[in-house]
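J.: Curious how this folds, go ahead:
(2 chains)
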Amino acid sequence: MSADHATPNPSHTGQHTGQNTGQNTGQQHGLSEKGLKAGSVGLIGAVVIGISCIAPAYTLTAALGPTVAEVGVQLPAIFLVGFVPMLLVAFGYRELNNAMPDAGTSFTWASRAFGPWIGWMGGWGLIAATIIVLSNLAAVAVDFFYLMLAQIFGNPELADLTTNLPLNIATTLVFIALACWISYRGMETTKSVQYVLVGFQLLVLAWFSIAAFSHVASGTAFDATAISSDWFNPFAVGSFSAFAAGVSLSIFIYWGWDVTLTMNEETKNPEKTPGRAATITVLVIVIIYMTVALATLSYAGVGDTGLGAGNPENQGSIFAVLAGPVMGPFAILMSLAILSSSAASLQSTFVSPARTLLSMGHYQALPQKFGRISPTYKSPSYATIASAVAAAAFYVITRTTSENALWDTITALGMMICFYYGITALACVWFFRAEAFSGARAFFFKFLAPLLGGVILLVMFFKTAYDSMDPAYGSGSSIGGVGLVFILGMGVILLGVVLMLVMAKLRPEFFRGRVLTRGH
Amino acid sequence: MRYVVGYSANARGHDAVNLAVSLALGRGASLDLVLVVPEVQHSGHAIAPKAGFENLLNEQAQEWLDQALALVPSSVPAQAHIRSHDSDAHALIEAAEELGADMLIIGATSTGIFKRFTIGSVASALLHASTVPVALAPHGYYRKEALTRISCGLGTRAGAEKLLDFALGMASNRDVPLRVVSLLALDGGDATDSADAAREYAAKCLADALSAGGPEVSGEAKAEAQVEAKTEIVVAHGRSIEEAVDRLDWEDGEVLLIGSSRLAKGRSIFLGSTAGRILRALPVPMIVVPSGYELKQLNHSASSDTPREAQQ
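T.: Coordinates of the predicted model:
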């Protein structure tokens, strides 16, 4: 029979009829070719994607309190300093992503640079971080869900429902299950919804800041504190421990920003748009963070009573406490902004661990079933559900053992991000070591920046891990005299080591370096 | 002839491939299996570059398509395509237009438990926007042999005659009998009168179609006579349309052609309420033809010699 079953290029994914232009992007070192369509996202679109990945309203409410607890009034300084290692590491990310675009990201890159064992742990760190943030996102969404109900019905008792442990856990699990289902069905937030969510968040945060400053000006602030240049001096932070803890938290607040750097192929002007978008995104984010940080400190001070930003009661979710006094009846807008941004983020964040798990399953680093893609919805099926189960389990464990689950999860999260970002940055240095001195550009982006960033983050990681053994660390929860943050963070990493050893027994091919080979 | 098949690696996709093979066999058509993958977006935290997931997705899609091609017998030429688009329906319509397809074939659903056809969201979106005929495979369609009979559902409203031309062309091209079906929902005692009226109307339409389309259909009086001899008219009635459909006998290798509602915009398809009810009761595949489609084909044949389903 003639011309039967003419599948175009069966051996080359990404080159099918109508799929793309089939341009060869050069050496891919055994990784499949990219299949992107050029010319879809403009500058504003890229900025919106960047900001929506950061979800500033959620990030601020979750991270502001814990950071103030560590560094007090030097909050603005730490927010600025925290950006430096993030930027340095992001350069390395971009280089790796250009050389080896892969859904496994840290896992694949670290495996290619350092071999299967460190690669596996890098992947585990990424998965753990996203699982932890999922449970935090769901918890924040639940808090603001009840707060919003209270504001709608004018009944403050409704807001207290979130402190009812069984009800809180049940609601959080429902939120996680819903987000998982949406993600499993392959539904994604459309561009226009993203625009609205981002615009709304920025508007509400600006409103909050203006309202806070006008309270300060009219003398109705809770603890009016004059802004001083000392707030911007990172060296004024009391101790290196506090500094390290603050930086690892501020890594979290910029987490997601680096997405704009990796958007080369799908922007309208790949030469300029990603760089400009990243710059604008970070400017917008830094301005918003600075303004809100200053407004919060000026209005509430860092005292540990009442509305003070240093009050442990407030630190899990600062806007839940401050929005009412600052914005009056319009506080409901803040609830709405945080609820919508954390819910949207919850759903979109599911994609991250699911894709990494999928990739690890694909490369035989996890059981085969993690590599499954749903035939109907074309989403990672098993991996998405596994992520949801893990996030739910993590939340239940934290909620039942910690005095302030939100606070402790965010601190553990900062640690976990430092861990896998550090590994990834060093993977970049090692992977490109042959080209590091081939020119000024390569030296800076492939060697110096990721090396500095990676070392800073790993130092922060070890310092925070060491400090967190103190039972008074974080919210002050402890088990057997060891700080809960340490147990959460190290427990997760240890669990990863155990699972890795089990996997090495079950599917040794990957761990013998036969699936993902090292080097170029 | 080219048929675009909307494929997904589940029961629904298999139904569609089976139907496509049935349709292609009697006609020497080639198949284009189109698998739509979603456009991958950036995720939130912890950048998971979309390119990487796209690669895995495309790899998997390619594997699925290879399996799908293996379902197609070697006598039917088939090609596989991966399209990335957020809307399956949109991508299929685009593919059909781009490839110059004569028909779009999809599985209607994979979860019709109580009814044979429960239209899935993709099918429903397609039926509202397609500019080419859409063939819907019922749940569990397994047949892979050529069609044995064409049925054509005839309404009583103007515009329905056009559909007959298409049906006649399809039947004569495949050399199978044509059955003109008139479905009546009656609850009174005037069943006989209405049935007679419907039969008379159907006969008149058929005669018109034969004389008008005849020369074009065959070019020879002999062939025309052949077609006429293989044509029958059936009037089925019941208390509801569904009951009327149930009362008819259906061959395994049969398909029902129906025209789209006149609510449709331009040449696109819109499934009317009656057609929707037929669909729910129908045990065989259904092909929904856009309202302006026959007209397009007639104009087409006058100016060009690329033969389409409607005439030859």
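
J.: going forward, measure contacts between C-alpha atoms and count neighbours the same way
T.: OK.

J.: any idea which helix is longest in the chain?
T.: This is for chain A. With secondary structure taken from DSSP state H, chain A has its longest helix at helix A:116-153.

J.: Chain B was what I was after
T.: Across chain B, the helix with the greatest residue count (assigned by DSSP H) is helix B:191-217.

J.: Quick one: list the elements packing against that one.
T.: helix B:160-174, strand B:178-185, helix B:221-229, strand B:231-238 (3 or more CA pairs under 8 Å, 6 or more residues apart in numbering or on different chains; DSSP states H and E).

J.: What's opposite residue A:483 in the beta bridge?
T.: When bridges are called by DSSP bridges, residue A:483 pairs up with residue A:478.

J.: ok, now which ones touch it?
T.: Counting by CA atoms under 8 Å, 6 or more residues apart in numbering or on different chains, residue A:483 makes contact with A:468-473, A:476-477.

J.: what residues does the stretch 51-200 of chain A put near chain B?
T.: Applying CA under 8 Å from any CA of the partner chain, we find that the stretch 51-200 of chain A lies next to chain B at A:52-54, A:97, A:101-105, A:126, A:130, A:186, A:188.

J.: which one among those gets closest to residue A:505?
T.: Residue A:505 lies nearest to residue A:104 out of those, by CA to CA, at 21.6 Å.

J.: Under a three-state scheme, what state does the closest one occupy?
T.: Secondary structure state of residue A:104, per DSSP: H, G, I helix; E, B strand; the rest coil, is coil.

J.: That one contacts residue B:52, correct?
T.: Yes - the criterion here is CA atoms under 8 Å, and residue A:104 meets it with residue B:52 at 7.2 Å.

J.: Pick out whichever of those two has more residues nearby.
T.: Counted by other CA atoms under 10 Å in any protein chain shown, residue A:104 and residue B:52 do not tie: residue A:104 has more neighbours, with 31 against 26.

J.: nearest residue to that one other than its sequence neighbours?
T.: Leaving aside its chain neighbours, residue A:104 sits nearest to residue A:356 (4.5 Å; criterion: CA to CA, 6 or more residues apart in numbering or on different chains).

J.: give me phi/psi at that neighbour?
T.: Here is the backbone geometry of residue A:356 (degrees, to the nearest 10): phi -70, psi -40.

J.: Any stretches of the chain with poor pLDDT?
T.: Using chain A. A:1-40, A:262, A:264-266, A:520 (pLDDT under 70).

J.: um, chain B though
T.: Along chain B, the model assigns pLDDT under 70 to residues B:41-51, B:109-121, B:155-161, B:187-191, B:212-229, B:261-273, B:292, B:294-312.

J.: Please name the nearest non-neighbouring residue to the residue in it that chain A sits nearest to.
T.: The nearest approach of chain B to chain A comes at residue B:52, 3.4 Å away (CA to the nearest CA). Nearest non-adjacent residue to residue B:52, counting by CA to CA, 6+ apart: residue A:102, 3.4 Å away.

J.: Go ahead and confirm that neighbour touches residue B:53.
T.: Yes - using CA under 8 Å, residue A:102 is in contact with residue B:53, at 6.7 Å.

J.: Which one's more surrounded, those two?
T.: Remark: of residue A:102 and residue B:53, residue A:102 carries more neighbours, 29 against 26, as counted by other CA under 10 Å.

J.: want to try CSV for the helices and strands packed on helix B:191-217, with distance to chain A and mean neighbour count as columns?
T.: Formatted as CSV, those follow (distance: least, CA to the nearest CA, whole Å; neighbours: other CA atoms under 10 Å in any protein chain shown):
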stretch, distance to chain A, mean neighbour count
helix B:160-174, 21, 24
strand B:178-185, 31, 23
helix B:221-229, 30, 15
strand B:231-238, 34, 19
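
J.: still on that earlier bit, angle of the longest helix of chain B against strand B:231-238?
T.: 150 degrees (axes from the mean of the first three to the mean of the last three CA atoms, to 10 degrees).

J.: do you know how far residue A:404 is from residue A:131?
T.: From residue A:404 over to residue A:131 the distance is 18 Å, taken as CA to CA, to the nearest Å.

J.: Neighbour count for these two, which is higher?
T.: A direct count of neighbours by other CA under 10 Å for residue A:404 and residue A:131 places residue A:131 higher, at 27 against 19.

J.: Just give the closest residue to that one, not the sequence neighbours.
T.: Using CA to CA, 6+ apart, the nearest residue to residue A:131 is residue A:391, at 5.0 Å.

J.: and that neighbour, how far is that from residue A:399?
T.: Distance, residue A:391 to residue A:399, by CA to CA: 12 Å.

J.: between the two, which one's more packed in?
T.: With neighbours defined as other CA under 10 Å, residue A:391 and residue A:399 compare such that residue A:391 has more, 25 against 20.

J.: hang on, that one packs against residue A:134?
T.: Yes - counting by CA under 8 Å, residue A:391 does reach residue A:134; the two are 6.1 Å apart.

J.: Give the residues shared as contacts by these two.
T.: Shared contacts of residue A:391 and residue A:134 (CA under 8 Å, 6+ apart): residue A:176.

J.: re the thing from before, could you point out which element follows the longest helix of chain A?
T.: Downstream of helix A:116-153, the first helix or strand assigned by DSSP states H and E is helix A:157-160.

J.: which parts of the longest helix of chain A are buried?
T.: Within helix A:116-153, the residues scored as buried using 16 or more other CA atoms under 10 Å in any protein chain shown are A:116-151.

J.: got it, and stretch A:232-252?
T.: Buried-residue list, stretch A:232-252, by 16+ other CA under 10 Å: A:232-234, A:237, A:241-252.

J.: Identify the contacts common to residue A:102 and residue B:53.
T.: The contact lists of residue A:102 and residue B:53 share residue A:359, where a contact means CA under 8 Å, 6+ apart.

J.: tell me the contacts of the residue nearest to residue A:131?
T.: By CA under 8 Å, 6+ apart, the neighbours of residue A:391 are A:131-132, A:134-135, A:176.

J.: For it, what are phi and psi?
T.: Dihedral angles (degrees, to the nearest 10) for residue A:391: phi -60, psi -40.

J.: any idea how far residue A:431 is from it?
T.: According to CA to CA, residue A:391 and residue A:431 sit 32 Å apart.

J.: Contact partners for residue B:230?
T.: Residue B:230 is in contact with B:176-178, counting by CA under 8 Å, 6+ apart.

J.: Repeat that for residue A:382.
T.: For residue A:382, the contact set (CA under 8 Å, 6+ apart) comprises A:369-373.

J.: ditto for residue A:145
T.: The contact partners of residue A:145, taken as CA under 8 Å, 6+ apart, are A:335, A:339.
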